[in-house]
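S.K.: the following block contains a protein sequence and its predicted model.
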Amino acid sequence: MDIAVVGSPEFTLGFQLAGISSIYNPEDEERLHSVLRELLNTKGVGIVVIDSTVLSTLPERLSMRLSESVSPTVLGIGTEEDTTLRETIRKAIGVDLWK
Amino acid sequence: MALDIKPTRSELINLKRRIKQTKNGYKLLKMKRDGLFHEFRTLLGEMIEAKRDLTDAYVLAKARIDLANAIEGGLKVRSAAIANSATPEVEVERRNIMGVVVPSVSGTNLKQAFGDRQIGFTGSSPYIDEAAESFGDLIEKIVKASEMEATLKRLLAEIESTKRRVNALEFKVIPELEEAQVFIQLRLEEMEREETFRLKRFKNK
C-alpha cells in the first residue's frame, strides 16, 4: 500500500525527496476536499499524511470522516499538535485522557 | 412493560433462566470492557509519546529542507526530489486484541541509503541528503504513529459499543426482566389466595 501526502508544494517537497510518489497539491479548497474524499475511497492507500494546519480548516463533516477512517489512516502532522484523536477519545470515553 | 406477560409457572421458570443468563453475559461484557480499557490506557501512553516524537521529527525535517532550499536553491531540491524513484511501501496486516481486529503496519523501503536514492553525487549536496534522510526518519515515525492511531480508533469504537451494551443490560434489560419476575410471582400468589378463598366460600355453602 501507498503513503499519500496532501498539502502545499512546500509541505510535500520533503516527502517527495524521501521517495513518496503519491503527492497531491490541490490549488484551492474545493480541489482539496475532492482529493481527500477520493483518497478515502481509494483501496491502495494505507496512510494519508496531511498538514495539521490544513486539517483544522476543513469542514466538520469531512474532518469527522477523516478522523474516523481506519483504512486509510489519516495523520495530521505539523508544528502544532493534531487534536482529532484527542477529540475522538473525549467523545468515546467522556473524559479527556490525553495527558 | 411487564403487563403483557402470562403469569404462569413455566413462564416464571423461563424468566428465571433468562435472568441468570443475562447476568452472566453482563458480567462477561463488563470484564471485556475493563480489559479493552486497560489495553487502551497502555497504548495511549505510547501514542502520546509517538506523537511527540513525530512532531519533533517533523520540525527537524522541515528545518533541514528549508536549509537545503536556501543554500541549494528550490530548483535543485525539487529536481532531486523528482529524481528519486524508490517508493516506500507499507504493508497492512491484521492483529487481534481481545476480539478487535486492528491493523499492524509494517513498512518496506521507508528509509533509503545514500546510494539508493538515485540522485547521484553531482546532483546532490550534503544539505539535500540530510533533508532526505530526516524525511526518511519522519516517514518511519509516521508509519508507527498511524498504526497506533488506527489501533486506538478501533479500540475506541469497540469500547464505546461495549460500554453501551453493558449499560443497556445493567439499566434496561436486567431491571425489566426482574420486574417481570416480581410481577409473575405476585400474580401467582394472588391467584393462590383467590383459590383458597373460593374453596372456603364453597365449604360454607
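M.R.: That came through, no problem. Residues are numbered from 1 along each chain as shown, chains lettered A, B, ... in the order given.
S.K.: what does chain A put close to chain B?
M.R.: A:1-3, A:13-21, A:46-47, A:49, A:67-68, A:70-71, A:73, A:75, A:77-79, A:81-82, A:85, A:88-89, A:92-93, A:97-99 (C-beta under 8 Å from any C-beta of the partner chain). The C-beta positions use only the backbone N, C-alpha and C, and glycine is treated the same way.
S.K.: looking at the residues you listed, which are in helices?
M.R.: A:13-17, A:67-68, A:85, A:88-89, A:92-93 (DSSP state H).
S.K.: so how do I select the buried members of the residues of chain A next to chain B in ChimeraX?
M.R.: Those of these that count as buried under 16 or more other C-beta atoms under 10 Å in any protein chain shown are selected in ChimeraX with:
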select /A:1,2,3,13,14,15,16,17,18,19,20,21,46,47,49,67,70,73,75,77,78,81,82,85,88,89,92
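S.K.: in stretch B:182-189, which residues are buried?
M.R.: B:183-184, B:187.
S.K.: adding pLDDT and secondary structure, write these out as a markdown table.
M.R.: Formatted as a markdown table, the buried residues of stretch B:182-189 follow (pLDDT from 0 to 100; DSSP: H, G, I helix; E, B strand; the rest coil):
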| residue | pLDDT | secondary structure |
| --- | --- | --- |
| B:Phe183 | 93 | helix |
| B:Ile184 | 94 | helix |
| B:Arg187 | 93 | helix |
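S.K.: tell me how far the residue nearest the centre of chain B lies from B:Pro126.
M.R.: With distances taken as C-alpha atoms, centre = their mean, B:Leu155 lies nearest the centre of chain B, 1.1 Å away. Taking C-beta to C-beta, to the nearest Å as the measure, B:Leu155 falls 43 Å from B:Pro126.
S.K.: repeat for B:Lys203
M.R.: B:Lys203 sits 113 Å away from B:Pro126, going by C-beta to C-beta.
S.K.: what do you get for B:Val173?
M.R.: 68 Å.
S.K.: what's the answer for A:Thr57, then?
M.R.: For A:Thr57, the distance to B:Pro126 - C-beta to C-beta - is 36 Å.
S.K.: quick one: the strands in chain A?
M.R.: A:2-6, A:22-24, A:45-51, A:73-77 (DSSP state E).
S.K.: pLDDT score for B:Phe171?
M.R.: pLDDT, B:Phe171: 96.
S.K.: burial count for it?
M.R.: B:Phe171 has 10 neighbours, counted by other C-beta atoms under 10 Å in any protein chain shown.
S.K.: what's the longest helix in the chain?
M.R.: No chain specified, so I'll use chain A. Longest helix of chain A, by residue count under DSSP H: helix A:29-40.
S.K.: chain B, not that one
M.R.: As assigned by DSSP H, the longest helix anywhere in chain B is helix B:9-72.
S.K.: helix or strand: which one has B:Glu195?
M.R.: Assigned by DSSP states H and E, B:Glu195 belongs to helix B:174-204.
S.K.: that helix to helix B:9-72, inter-axis angle?
M.R.: Between helix B:174-204 and helix B:9-72, the angle comes out at 170 degrees (axes from the mean of the first three to the mean of the last three C-alpha atoms, to 10 degrees).
S.K.: now helix B:174-204, how far from the centre of its chain.
M.R.: Here helix B:174-204 is found 49 Å from its chain centre; the criterion is C-alpha atoms, centre = their mean, to the nearest Å.
S.K.: counting contacts, what elements does that helix pack onto?
M.R.: For helix B:174-204, the helices and strands in contact under the criterion 3 or more C-beta pairs under 8 Å, 6 or more residues apart in numbering or on different chains; DSSP states H and E are helix B:9-72.
S.K.: tell me the mean pLDDT for the next helix-or-strand element following the helix it packs on?
M.R.: Using DSSP H and E, the helix or strand that directly follows helix B:9-72 along the chain is helix B:74-83. Mean per-residue pLDDT for helix B:74-83: 79.
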